[in-house]
Structure formats: structure tokens, C-alpha cells
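Asks: fold the stuff below for me.
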Amino acid sequence: MSKPIPRSETAPESLVEAERRRGRGARSNHSGRFESERRTVFDDGWESMGELEALRTEVYEEPARSIITRNQSPDISFDQSINPYRGCEHGCIYCYARPTHCYLGHSAGLDFETKLYAKTNAAELLEKELASKAYKPKVIALGTNTDPYQPIEREQRITRRILEVLERTGHPVGIVTKSALVLRDVDILSRMAARGLAKVALSVTTLDRTIARAMEPRAVTPAKRLDAVRGLSEAGVPVSVMVAPIIPGLTDSEIERILEAARDAGAREAGYVLLRLPLELKDVFREWLASEFPDRADRVINLLRSMHGGEDYVAEFKIRQKGRGPYADQIALRFRLALKRMGLNQRHHALRLDLFQPPVPKGQQMRLL
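Replies: Just a heads-up that it's a prediction; the model follows:
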């Protein structure tokens, strides 16, 4: 049964039972901001619920209407991106994309990591959009919202089909992932990289397996990510590491160790992003923090708020990703000094735009020049 409850309530009884959410990141499945009511499952004493099954991953096919997303944000390094999937089975508790699931009528909690949408026509749409006479080539970023190499990519292979289109047309691509599955496509990526058309960034949040397992339950271990860095580097693919997000009071002590491990694995560039808690994510993250690290919860939140003017999150450009104030300045300084000591970011790998050849739509004559 279910009943409406106030939006502000995050009482323990509103959390999903541990056995049902085993292997998941979120602790609850509260309705999003667009829903008129918030509901929770509870036992009414009549034993009507019985044994509830463990949450399973559901994948829905979603033929998209367009595939290239464009942005004009001044603090983001790319102009256009592609996200092959909505939702992400990795279940990272800190994922800033969680609130986007509410646009679909789902929860930013467990729904985000169990109800996934696959854009099955992504490659075909991409080819069509690249063929437009109005299209101007700019680097396309893969994995800006949800991971293009999350587990379902093994069967769906949407990301690989996108890369095949980009290689065929000589179009540059930058990938962000935390999955070692990216090595499956090293054949394409190495060929593109040899032409100056591809680079990859691996996200490494912590080197602590225990923290990683709790925080990113279905992502590969930190060691596997570093193996992916090494494999890409050895194949000639420019690879960087994103220490993202940095969680103050929980993972910020690892900045230097992560950068050293990344350099030793072959990374030549690195960056970082501070933990962001927009909209529903602030409650999802707080529930997890209270459950997994109750002894550190207050310190983590207080440090974070100190970098956002007393708020959980400030959406202001150039502040939202790095924060401000003494603690934010300390993190930035430590990162800069570590980069210098490790010899990272000595060179920026710019991708080429001049090799792009628009695809020819079916039924049309090939260009003579």
C-alpha cells in the first residue's frame, strides 16, 4: 500500500529495505519535483505486502528525435554532446544527473539506476544530423550526463555504433567514463587517436575499494579504471583522469594519491570537480551518507556548505563545479601543486576539426569535392 507523505520527510521508514536494494546506491525512491504526491511503501499490519522482490534493472527502448545536444555554459569545455542512455546502472550516489530522471516521471533515487532508457536509433540519427548542410564540426562529448559504457552497453552497443559513425566521417570525440568497458573499443579509438580525433577521460573518485563499493556499487573498481588508463595509453589514445567528484571530508584526502596513480598508469592530463547536490540529489546523497558514514556525515555536509555560501549547492557558473571560500581554495591549490609535481597538464591534446567529411544520406549523390 502507499500513502502521501510530506516532501521534506526522509524518515528511516521511508527508505527501501536493504535486501530489495542490495547492490544499489540510493536508499530511497521518493517521487520527483514534478509529482503532486510523494509516496512510500509501508506495512499496514494486514500482511498484505508479502515478500517484495529485489529491484531489477529494466531497459526501455527510446527512439530519440534528435541526438546531438548543444549547450552554451561558460564553465563547460564542450559545445555539443551525446548521451546514448538515460539513467545509469552504475548507481553512483553523487551523480548530478539523477534529477534529470524526474522529467520522465521517475525518482532520482532507485529509479535512476534501475529504469534505464536506451536510444536505440542514436547512430542513425547522428549520421543524419552530421549530413545536414548547416552542420559545423565541433568536438562531440560522449558521457556528459550518464556513462556511455555502463553495463547495458555490453548488449546494446549503442556507443560503439556512434563511434563507428564518427570514425567514418572523421569527426572528433571526447569520452568521459568510469568503465573499463571502454577498452572494448580500443580498436576504433586508437585509429581515431592516430588521426587526432579521439581522447578519453576516466573518472576516479577514490582508491579505497570499500568507499568505492558503497559509493559506486556497480562501477568497476578503482584498480580496473587505472588498468583502463594504462590500456588506452599503451594504444596511443590520449587519456586523462577526472578526480570527480571530490567529496570534502570523505575523499579529498586522496587527491595527490589519485593523481600519482593516474600518472603512473599513463595519464597526461587531469582535472577535478567538487561534489554538486542539485535538486533531489541533496536528499538522496544525505540519506546515503547518514547510512554509510554516520560519523562523517555532519562534517561532509558542513564543509560542502562552507564552499557554497551556507547552501548545499549554488548553481552559479564557475562556482558550481569548484566552490569558493577557504576550503575550496585549499583544494584548488593542492590540485595545482600536485599537477606540477606529477608533470601533468603540460600539454593539452586538442582534437582536429579539419578531417570531417559529412556522410552522404541514402539515396543522394556523393559530393564531388
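
Asks: host element of the residue nearest to Leu344 when sequence neighbours are not counted?
Replies: Nearest residue to Leu344, sequence neighbours excluded (C-beta to C-beta, 6 or more residues apart in numbering): Ala270, at 5.0 Å. Glycine gets a C-beta too; all of them are placed from N, C-alpha and C. Assigned by DSSP states H and E, Ala270 belongs to strand 269-274.

Asks: and that strand, what does it pack onto?
Replies: Judged by 3 or more C-beta pairs under 8 Å, 6 or more residues apart in numbering; DSSP states H and E, the packing partners of strand 269-274 are strand 239-246, helix 255-265, helix 326-342.

Asks: ok and the last one relative to strand 269-274, angle-wise?
Replies: Taking axes from the mean of the first three to the mean of the last three C-alpha atoms, to 10 degrees, one finds helix 326-342 and strand 269-274 inclined to each other by 170 degrees.

Asks: how about helix 326-342: buried residues?
Replies: Within helix 326-342, the residues that count as buried by 16 or more other C-beta atoms under 10 Å are Tyr327, Ala328, Ile331, Arg334, Phe335, Ala338, Leu339, Met342.

Asks: and Val59, which of the three is it?
Replies: Of the three states, Val59 takes strand under DSSP: H, G, I helix; E, B strand; the rest coil.

Asks: report pLDDT for it.
Replies: Listed pLDDT for Val59 reads 96.

Asks: ok, and what's touching stretch 120-140?
Replies: Stretch 120-140 is contacted from outside by 61-64, 66-68, 78-82, 84, 119, 156, 158, 161-162, 164-166, 169, 171-174, 351, 353, 356, 358-361, using C-beta atoms under 8 Å, 6 or more residues apart in numbering.

Asks: and these, which are buried?
Replies: In the contacts of stretch 120-140, burial by neighbour count holds for 62, 64, 67-68, 78-82, 84, 119, 156, 158, 161-162, 164-166, 169, 171-174, 351, 356, 358-359, counting by 16+ other C-beta under 10 Å.

Asks: strands - which of these land there?
Replies: Counted as lying in strands by DSSP state E, out of the buried ones among the contacts of stretch 120-140, are Gln80, Ser81, Ile82, Val173, Gly174.

Asks: of those residues, closest to Leu281?
Replies: Comparing these against Leu281 with C-beta to C-beta places Ser81 closest, at 19.9 Å.

Asks: I'd say that closest one and Asn71 touch.
Replies: Yes. The criterion here is C-beta atoms under 8 Å, and Ser81 meets it with Asn71 at 7.3 Å.

Asks: please identify the helix or strand for Val229.
Replies: helix 222-234.

Asks: mind listing what's buried in that helix?
Replies: Using 16+ other C-beta under 10 Å as the test for burial, helix 222-234 gives Pro222, Arg225, Leu226, Asp227, Ala228, Val229, Arg230, Gly231, Leu232, Ser233.

Asks: can you tell me which residues contact the second one?
Replies: The one in question is Arg225. Lys178, Ser179, Ala180, Leu202, Ser203, Val204.

Asks: let me have those residues in JSON lines, extended by neighbour count, pLDDT and distance to His106.
Replies: Formatted as JSON lines, these follow (neighbours: other C-beta atoms under 10 Å; pLDDT from 0 to 100; distance: C-beta to C-beta, whole Å):
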{"residue": "Lys178", "neighbour count": "28", "pLDDT": "97", "distance to His106": "22"}
{"residue": "Ser179", "neighbour count": "25", "pLDDT": "97", "distance to His106": "23"}
{"residue": "Ala180", "neighbour count": "20", "pLDDT": "97", "distance to His106": "28"}
{"residue": "Leu202", "neighbour count": "26", "pLDDT": "98", "distance to His106": "28"}
{"residue": "Ser203", "neighbour count": "21", "pLDDT": "97", "distance to His106": "24"}
{"residue": "Val204", "neighbour count": "26", "pLDDT": "97", "distance to His106": "28"}
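
Asks: reformat those as a markdown table; add secondary structure and distance to Thr146.
Replies: Below are those laid out as a markdown table (DSSP: H, G, I helix; E, B strand; the rest coil; distance: C-beta to C-beta, whole Å):
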| residue | secondary structure | distance to Thr146 |
| --- | --- | --- |
| Lys178 | coil | 11 |
| Ser179 | coil | 11 |
| Ala180 | helix | 17 |
| Leu202 | strand | 16 |
| Ser203 | strand | 12 |
| Val204 | coil | 18 |
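
Asks: closest one to Val186 out of the residues you listed, please.
Replies: Distances from Val186 to the contacts of Arg225, taken by C-beta to C-beta, are shortest for Ala180, at 10.8 Å.

Asks: as a markdown table, the contacts of Arg225 with distance to Tyr94 would be great.
Replies: Output for the contacts of Arg225, formatted as a markdown table (distance: C-beta to C-beta, whole Å):
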| residue | distance to Tyr94 |
| --- | --- |
| Lys178 | 12 |
| Ser179 | 16 |
| Ala180 | 20 |
| Leu202 | 16 |
| Ser203 | 11 |
| Val204 | 13 |
